[in-house]
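In: Okay, predicted coordinates and the sequence, questions at the end:
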Amino acid sequence: MRLPRFPIVQLVVTGVVVLFLMLSGHSYCQENIVQKSDNLTGIKVIRKIIITGNKITRPRIITREMKFREHDTLSIRDLKAALVISRQNIFNTGLFNFVTVDTLVVDSTWQMDVKVSVLERWYIWPIPLLEISERNFNVWWETRDFSKLTYGMDFTINNMRGRNETLRLLAHFGYNQLYGFTYKIPYVNRNQTIGMGIGGGIELHHELAVKTINNRPVNEKDSSAYLKKILYAYAEMQLRPSFHSTHTFRLSYNYYIFGGDIVAIPGFSLVAASHQQFATISYYFRNDHRDAAYFPLTGYCLDLEVNHSIPYETAHNSYIRGNFRRYWQLAKRVFYGSGILGKISFEKTQPYYLQRGLGFGQDFVRGYEYYVVDGQQIALWKNDMRFALILPRVVKIGFIKTTKFNTIPFAVYLDLFSDLGYVYNYQQHLAEFNAQGNTLQNQLLAGVGLGLDLTTYYDIVVRFEGSMNRMGQTGFFLHFTTPI
């Protein structure tokens with residue numbers, strides 16, 4: 001479960017958490033909640049798997065993530081590794097704040113029980129939404145334009161019926177509007193390998209970016225009319241044949257309505273029609289071996305996406321995108337992470353409203369947060385060296401009664417980072433594109449800096465970063481997701 005995307009909400013929550021940590025008098029290292037079994041020897045048969053703390057979650061959702069079953073026979077060496085992986089798998093479902101997997105010796109030299117203890121999260125979130133209509137918090141902070149606020153409600157039910165189903169109802173008002181829903185059930189078959197998902201909605205925008213000049217988006221705005229309306233729907237099937245690999249097949253439909261003379265702007269659209277529709281066929285593959293998905297310190301993860309839009313003449317948005325991240329623990333307090341991202345588009349010309357280079361989401365070189373680099377081919381390499389100022393630990397807040405909120409994990413890291421990026425745009429050599437001053441295309445981008453990362457419960461990450469880019473520009477930036 002993730003908290004709302006709007007940074008101020010996360011800042012307030014994080015501030016409250018930090019205050020609790022300062023007032024609390026009882027804390028202990030998080031390593032203590034992961035039990036060890038170093039004194040075990042020989043071959044063991046798993047007699048029984050005991051699960052506690054799952055007041056809502058069905059046991060089979062938990063046992064699905066475990067590397068062994070009842071009556072399995074394992075060597076102690078294999079069992080130790082299986083306990084660690086099983087705990088990581090269960091934690092990464094996002095259903096629990098804490099997970100402990102330990103062994104219980106029974107009255108036998110060759111049998112043992114395995115006990116899984118979980119602390120469930122709060123699953124029902126009728127949360128007011130306050131969101132900035134910008135690419136990231138730092139872009140908005142330049143102007144602090146409070147007129148660009150979207151407000152509303154995200155009503156989310158996680159772990160519905162105890163089966164890890166998720167239902168979201170979206171109602172966003174204000175500057176940009178969104179009305180929609182998503183529903184996902186991870187398993188529909190007895191073997192728990194097939195899942196399904198559906199969603200749909202409508203988006204209404206008074207403002208949208210229509211071109212890039214001097215490496216920054218140029219927006220058109222009309223307060224009295226919507227310049228962009230999107231009706232969308234999708235259905236997907238998910239295959240998870242193993243613990244770490246997931247295949248997702250999605251079919252989506254998009255219907256765009258553009259207002260004013262937006263479609264007449266050169267490069268914004270491939271056709272002059274104000275009404276445009278297309279379907280998209282997508283395939284996603286993930287192979288995830290990270291210890292904690294929201295802020296990993298060890299392991300690796302591979303993402304692969306293949307996307308094709310139909311009709312081809314309208315969308316021109318077919319591409320392959322890959323992202324590989326690897327994480328190492330070099331010493332007790334020292335960690336290193338590296339990630340390589342690449343995107344290959346199959347068209348030399350894409351509509352501006354669908355094209356995505358660097359500068360969106362997590363796809364950017366640190367130090368270039370204010371800029372957008374358009375192009376069809378992307379390469380990005382991120383590196384982080386982290387030193388744990390405060391190792392993962394748990395704080396108990398005595399005056400909060402519910403265990404879903406009074407047991408707070410947190411950690412603080414000092415982060416030294418360096419990024420390299422490159423975006424190739426086939427059209428950059430044309431005179432009309434050169435005149436727009438987008439000098440960051442077709443050249444190496446580089447950024448280095450120092451940061452401070454705070455992680456705490458409900459997957460909250462807050463990063464304070466000071467960086468310098470290749471142009472010699474320096475800045476201080478705020479982010480709310482893991483950098484790699």
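Out: Structure received.
In: got any ranges where the stretch 201-350 of the chain has weak pLDDT?
Out: Within the stretch 201-350 of the chain, no stretch has pLDDT under 70.
In: If you count neighbours, what's buried in stretch 360-373?
Out: In terms of neighbour count (16 or more other C-beta atoms under 10 Å), stretch 360-373 has its buried residues at Asp363, Phe364, Val365, Arg366, Gly367, Tyr368, Glu369, Tyr370, Tyr371, Val372, Val373. In short, each C-beta sits where N, CA and C put it, glycine included.
In: same question for that stretch, mean pLDDT?
Out: The pLDDT scores in stretch 360-373 average 92.
In: Kindly report the same for stretch 78-85.
Out: Averaging pLDDT along stretch 78-85 yields 91.
In: returning to that earlier point: distance to Arg77 and secondary structure added to the buried residues of stretch 360-373, as CSV?
Out: Shown next, in CSV, are those (distance: C-beta to C-beta, whole Å; DSSP: H, G, I helix; E, B strand; the rest coil):
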residue, distance to Arg77, secondary structure
Asp363, 41, strand
Phe364, 43, coil
Val365, 43, coil
Arg366, 41, coil
Gly367, 46, coil
Tyr368, 47, coil
Glu369, 47, coil
Tyr370, 52, coil
Tyr371, 51, coil
Val372, 51, coil
Val373, 49, strand
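In: Out of the residues you listed, which comes closest to Ser223?
Out: Val372 (23.7 Å; C-beta to C-beta).
In: Quick check: the closest one touching Gly361?
Out: No. Counting by C-beta atoms under 8 Å, Val372 sits too far from Gly361 to count as a contact (11.8 Å).
In: Find residues that contact each of the two.
Out: When contacts are counted by C-beta atoms under 8 Å, 6 or more residues apart in numbering, Val372 and Gly361 have no shared neighbour.
In: Could you count how many residues lie near the closest residue to Gln238 other than its chain neighbours?
Out: With sequence-adjacent residues excluded and distances taken as C-beta to C-beta, 6 or more residues apart in numbering, Gln238 is closest to Gly195, at 3.9 Å. For Gly195, the count of nearby residues is 20 (other C-beta atoms under 10 Å).
In: Does Gly195 belong to a helix, a strand or coil?
Out: Three-state call for Gly195 (DSSP: H, G, I helix; E, B strand; the rest coil): strand.
In: which one is Val372 nearest to, not counting chain neighbours?
Out: Using C-beta to C-beta, 6+ apart, the closest residue to Val372 is Gly359 (3.7 Å).
In: typo on my end, it should be Ile124
Out: Distances taken as C-beta to C-beta, 6+ apart put Ile157 closest to Ile124, at 5.5 Å, once the chain neighbours are dropped.
In: And that neighbour, how far from Leu170?
Out: Counting by C-beta to C-beta, to the nearest Å, the separation of Ile157 from Leu170 is 13 Å.
In: what's the answer for Ala209, then?
Out: To Leu170, Ala209 is 22 Å away according to C-beta to C-beta.
In: secondary structure class for the residue nearest to Ile124?
Out: What three-state DSSP gives for Ile157 is strand.
In: residues contacting Tyr183?
Out: By C-beta under 8 Å, 6+ apart, the residues touching Tyr183 are Glu165, Thr166, Leu167, Arg168, Gly197, Ile198, Gly199.
In: let me redo that: Asp288
Out: Asn92, His244, Thr246, Gly299, Cys301, Leu302.
In: show me what contacts Gln441?
Out: Neighbouring residues of Gln441 by C-beta under 8 Å, 6+ apart: Gly357, Val373, Asp374, Gly375, Val423, Tyr424, Asn425, Gln428.
In: Just the pLDDT at it, thanks.
Out: With respect to pLDDT, Gln441 scores 92.
In: Give the helix, strand or coil label for it.
Out: Under three-state DSSP, the three-state class of Gln441 is coil.
In: Can you tell me which of the contacts of Gln441 is closest to Val116?
Out: Of all these, Val116 sits closest to Gly357, with 44.6 Å by C-beta to C-beta.
In: I figured Ser274 hits Tyr255, correct?
Out: No. Between Ser274 and Tyr255 there is no contact under C-beta under 8 Å: 11.7 Å.
In: could you pull out the helices for the stretch 301-450 of the chain?
Out: All helices of the stretch 301-450 of the chain, identified by DSSP state H, counting those that start in this stretch, fall at 312-315, 403-406, 431-434.
In: And the protein, split by domain according to the record?
Out: Domain assignment for the chain, taken from automatic domain parsing, gives 34-120, 124-479.
In: picking up where we left off before, can you name the two of the contacts of Gln441 that sit furthest apart?
Out: Largest separation among these by C-beta to C-beta: Gly357 and Gln428, giving 11.2 Å.
In: what do these two both touch?
Out: With C-beta under 8 Å, 6+ apart as the test, Gly357 and Gln428 both reach Gly375, Gln441.
In: more crowded one of the two?
Out: Gly357 (25 against 17).
In: just so I have it, where are all the helices in the stretch 51-200 of the chain?
Out: Using DSSP H, counting those that start in this stretch, helices in the stretch 51-200 of the chain cover 59-63, 76-91, 137-143.
In: Could you dump those into TSV and include distance to Arg216 and mean neighbour count?
Out: Shown next, in TSV, are the helices of the stretch 51-200 of the chain (distance: least, C-beta to C-beta, whole Å; neighbours: other C-beta atoms under 10 Å):
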stretch	distance to Arg216	mean neighbour count
helix 59-63	46	18
helix 76-91	40	19
helix 137-143	9	15
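In: Nearest residue to Leu83 in space, ignoring adjacent ones along the chain?
Out: Leaving aside its sequence neighbours, Leu83 sits nearest to Val101 (C-beta to C-beta, 6+ apart; 5.1 Å).
In: gap between the residue nearest to Gln238 and Leu167?
Out: Counting by C-beta to C-beta, the gap from Gly195 to Leu167 is 14 Å.
In: low-confidence ranges in the stretch 351-484 of the chain?
Out: Scanning the stretch 351-484 of the chain for pLDDT under 70 picks out 404, 429-435.
In: Show me the strands in it, by range?
Out: 377-396, 407-424, 445-456, 460-469, 474-479 (DSSP state E, counting those that start in this stretch).
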